[in-house]
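J.: let me see the structure of the following:
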Amino acid sequence: MISEKQITHISKFLSLVLRHQPETIDIQLDQNGWTDVKDLIEKANNYGIKFDREILNHIVATNPKKRFAYNDTFDKIRASQGHSVEIELGYTNQKPPEILFHGTAEKFVQSILDTGLEKGNRQQVHLSADVETAIKVGQRHGKPFVFKVVAEKMYNDNFEFFISDNGIWLTDNVPTKYLKQNDEK
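T.: Numbers count the residues shown, from 1 in each chain. Purely as a prediction, here's the structure:
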């Protein structure tokens, strides 16, 4: 097998081409974000990112964030969420738990308090069902800060929520009135 460093490198490359820039290796994503596995492997290898089906299976199975998923017949693959390219993931509106969490860095707190949570370059805002995941997300950008999102109230106020294949909750935006600092009741 290959090293963890190589696995991480390939995983980051897959995130790039399956979420943001499929044109980097001239692959096509269908309207639901799927692309042909054989085509992906061939074009990535031609681009200089070397892996085979066994390595791809390992990455899909062991990625701690479950960023990638196969279709039922294992001949297509897609990113589970986080796309900046326009696709329709096909998730259905679901009632969320009472509270969800959003991790960010302390340096972004005031901006979020001013405008709410906005999707930015992504298709939707990402929320987690547990504080630990939110903290990990926030740590990627600096000193972590966690907001509570009163998701059930949002849902009751006609906001839509979706859950991705890897358990991340998605919504279009979170207005400030639905945000609480993690220590607030």
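
J.: which residues in the protein form helices?
T.: Ranges of helices in the chain, per DSSP state H, are 4-15, 37-47, 53-62, 109-115, 131-139, 151-156.

J.: what's the fourth one in contact with?
T.: Applying CB atoms under 8 Å, 6 or more residues apart in numbering, the external contacts of helix 109-115 come out as 104, 145, 147, 176, 179. Where C-beta positions appear, they are placed from N, C-alpha and C, glycine not excepted.

J.: any chance of the helices of the chain in CSV with distance to His83, mean pLDDT and mean neighbour count as columns?
T.: Output for the helices of the chain, formatted as CSV (distance: least, CB to CB, whole Å; pLDDT from 0 to 100; neighbours: other CB atoms under 10 Å):
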stretch, distance to His83, mean pLDDT, mean neighbour count
helix 4-15, 10, 94, 15
helix 37-47, 16, 96, 16
helix 53-62, 17, 94, 14
helix 109-115, 22, 93, 12
helix 131-139, 17, 90, 17
helix 151-156, 22, 96, 17
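
J.: contact partners for the closest residue to Glu152 other than its chain neighbours?
T.: Spatially, and ignoring its direct neighbours in sequence, Glu152 is nearest to Glu98 (4.3 Å; CB to CB, 6 or more residues apart in numbering). The neighbours of Glu98, taking CB under 8 Å, 6+ apart as the test, are 150-152.

J.: ok, now with 10 Å
T.: Glu98 makes contact with 148-153, 155, according to CB atoms under 10 Å, 6 or more residues apart in numbering.

J.: equivalent analysis for Pro22, please.
T.: By CB under 10 Å, 6+ apart, the contact set of Pro22 is 16, 28-29, 33, 35, 40, 43, 85.

J.: just the buried residues from these, in PyMOL please.
T.: Only the buried entries of the contacts of Pro22 go into this PyMOL selection, using 16 or more other CB atoms under 10 Å:
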select buried, resi 29+33+35+40+43
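
J.: between the contacts of Pro22, which sits nearest Glu118?
T.: Val85 (18.1 Å; CB to CB).

J.: how far away is the residue lying closest to Asp52 once chain neighbours are set aside from His58?
T.: The spatial neighbour of Asp52 that comes closest, neighbours along the chain excluded (CB to CB, 6+ apart), is Ile41 at 6.6 Å. Here the criterion is CB to CB, to the nearest Å. By it, Ile41 lies 13 Å from His58.

J.: overlap in contacts, the two.
T.: Joint contacts of Ile41 and His58 (CB under 10 Å, 6+ apart) are 51-52.

J.: which among the contacts of helix 109-115 end up buried?
T.: 104, 145, 147, 179.

J.: what about the strands in this protein?
T.: Secondary structure of the chain by DSSP state E: the strands cover 35-36, 68-70, 76-79, 100-105, 117-118, 125-127, 144-149, 162-163, 169-171, 173-174, 179-181.
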